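**Student:** Structure here, sequence nowhere to be found:
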């Protein structure tokens, strides 16, 4: 009888340890996911800053076409497509069951993606308008 009770208690302790281990692994996975989302947000933010730097330098009067071969505009178009893909994926991943940390990371990345997309779109249009004068 005592042996059965000890076996039962030992099984319960092992079960608690397994559940704790799974919970910590889950917490670690969420943390790693949030860190990856933050790093992606940081890279997109830097891209947005570079785009805005290009836009500010473009306002200095340039006496020739900036993008005659459309390479920059095509790169901006590709960036906008990538950002659109990221935003669609983010929308599909939102869930009320996510931790507060993951929800903040998703929201931050979504905001940065939106701002970077708008900056890329503005630069693309400004280059088009600028280069139209030299065609």
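**Tutor:** Cool, the structure landed. Keep in mind that what you see is a predicted model, and the values were worked out from it rather than measured.
**Student:** show me where pLDDT drops low in the chain?
**Tutor:** Applying pLDDT under 70 to the chain picks out residues 1-27, 61-62.
**Student:** Show me the helices in it, by range?
**Tutor:** 2-58, 71-93, 100-132 (DSSP state H).
**Student:** how about those helices in a markdown table, adding mean neighbour count and distance to residue 64?
**Tutor:** Heads up, the C-betas are built off the backbone N, CA and C, glycines and all. Formatted as a markdown table, the helices of the chain follow (neighbours: other Cβ atoms under 10 Å; distance: least, Cβ to Cβ, whole Å):
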| stretch | mean neighbour count | distance to residue 64 |
| --- | --- | --- |
| helix 2-58 | 12 | 12 |
| helix 71-93 | 14 | 14 |
| helix 100-132 | 17 | 9 |
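**Student:** Which one of those helices lies nearest to residue 65?
**Tutor:** For the helices of the chain, proximity to residue 65 was assessed by Cβ to Cβ; helix 100-132 is nearest, at 4.5 Å.
**Student:** What separation do you get for the spatially closest residue to residue 124 that is not a sequence neighbour and residue 35?
**Tutor:** Of all residues not flanking residue 124 in the chain, residue 76 sits nearest, at 4.5 Å (Cβ to Cβ, 6 or more residues apart in numbering). Going from residue 76 to residue 35 by Cβ to Cβ, to the nearest Å gives 28 Å.
**Student:** sorry, back to before: do I have it right that the residue nearest to residue 124 meets residue 120?
**Tutor:** Yes: at 4.8 Å, residue 76 and residue 120 qualify as touching, with contact defined as Cβ atoms under 8 Å.
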